[in-house]
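> return a 3D structure for these sequence lines:
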Amino acid sequence: MRPPVIDVTPVESPFKPEHFERQDESDDAAFYGPERMVQHLDDAGRTALTAFYRERLPAGGRVLDLMSSWVSHLPDDIAFSAVAGLGMNRAELDANPRLTARHVRNLNEDPRLPFDDAAFDACVIALSVQYLTRPLDVFAEIARVLTPGGLCAVSFSNRCFPTKAVAIWRALVDSDHAGLVGAYFRHAGGFDEPVGMDLSPSGVSGDPLFVVTAQQNGQ
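Down below sits the predicted model:
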């Protein structure tokens, strides 16, 4: 049975600079420099995210794991032709066995992606979209590097490093974050209408899990 669809109505447009201010504006490289080999989602949530990837990501396809870390949550029983990881910490990326290529980049400083047009069939951002200070630039780049019809899946829970999360994320409750991510897709351009889903495991007390997806519209 498919998970319930949730509202992705835009929460605000246009965005304002103050929406992307943070409590801690110090150098991101220093904050993310120490490696953190920890999980940012509980067991049930990770199982649900992997199951979602198993259903929606193209077997044998080329996947971009954006804002990647030491784990990609990809299903072990599905092979992909390439999994490129882009993140902030080299040691974490090196510890991720699913990655076939690794790139260290701070997207808040430079949102350009070091990939050719239409280089990937799918892109995932897991549990980290709340830290983007230039999300529309990043999402426009995602549209550029995806093939026409390629899927972008952005997942999130209620955990974060609050001092590095942007102001608009902190100001919204969990149920409104899907609308914010939907607005990123809409206002970046290059995507079909986004769809939000609640993947929170039923009957389990633990972390909530939400995902917003959109397909590259070929433009």
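> quick one: the strands in the protein?
Counting by DSSP state E, one finds strands in the chain at the ranges 5-6, 62-66, 82-87, 101-104, 120-126, 146-156, 195-198, 210-215.
> now render these as TSV, adding mean pLDDT, distance to residue 164 and mean neighbour count.
No exception for glycine: its C-beta is placed from N, CA and C like everyone else's. TSV is the format used below for the strands of the chain (pLDDT from 0 to 100; distance: least, CB to CB, whole Å; neighbours: other CB atoms under 10 Å):
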stretch	mean pLDDT	distance to residue 164	mean neighbour count
strand 5-6	50	25	14
strand 62-66	98	17	26
strand 82-87	97	14	22
strand 101-104	97	17	16
strand 120-126	98	15	25
strand 146-156	97	14	22
strand 195-198	94	24	18
strand 210-215	97	20	24
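> these: which one's closest to residue 31?
strand 82-87 (13.1 Å; CB to CB).
> pLDDT weak spots in this protein?
Residues of the chain that meet the criterion pLDDT under 70 lie in 1-14, 32-40, 203-205.
> and the one residue sitting closest to the centre of it, bridged to which residues?
When CA atoms, centre = their mean is applied to the chain, the residue found nearest the centroid is residue 125 (1.8 Å). Following DSSP bridges, residue 125 is listed with bridge partners residue 66, residue 154.
> isn't it up against residue 141?
No - using CB atoms under 8 Å, residue 125 makes no contact with residue 141, being 11.9 Å away.
> got the residue ranges for the helices in the chain?
In the chain, helices defined by DSSP state H lie at 28-32, 43-56, 90-94, 135-145, 167-171, 174-188, listed in chain order.
> would CSV of these with mean neighbour count be doable?
Shown next, in CSV, are the helices of the chain (neighbours: other CB atoms under 10 Å):
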stretch, mean neighbour count
helix 28-32, 14
helix 43-56, 17
helix 90-94, 16
helix 135-145, 22
helix 167-171, 17
helix 174-188, 21
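> wait, which of those is closest to residue 109?
Going by CB to CB, the one of the helices of the chain nearest residue 109 is helix 28-32, 7.5 Å.
> contacts for that closest one?
Under the contact criterion CB atoms under 8 Å, 6 or more residues apart in numbering, helix 28-32 has outside partners 24, 88-89, 106, 108-109, 161, 164.
> most neighbours among those residues, please name it.
Across these, neighbour numbers were computed from other CB atoms under 10 Å; residue 88 holds the maximum, 21 neighbours.
> pretty sure it sits against residue 106.
Yes - using CB under 8 Å as the test, residue 88 is close enough to residue 106 to be in contact (6.2 Å).
> let me have the strands of the chain in TSV, extended by distance to residue 133.
Compiled in TSV, these are given as follows (distance: least, CB to CB, whole Å):
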stretch	distance to residue 133
strand 5-6	25
strand 62-66	15
strand 82-87	16
strand 101-104	18
strand 120-126	14
strand 146-156	16
strand 195-198	22
strand 210-215	19
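> leaving out the residues flanking it, which one is nearest to residue 168?
Here the nearest residue to residue 168 in space, its sequence neighbours aside, is residue 19; by CB to CB, 6 or more residues apart in numbering that works out to 3.9 Å.
> for residue 139, that is, sorry about that
Looking at residue 139 with CB to CB, 6+ apart, the closest residue is residue 188, at 3.5 Å.
> residue contacts, the one you found?
Residue 188 is in contact with 135-140, 142-143, counting by CB under 8 Å, 6+ apart.
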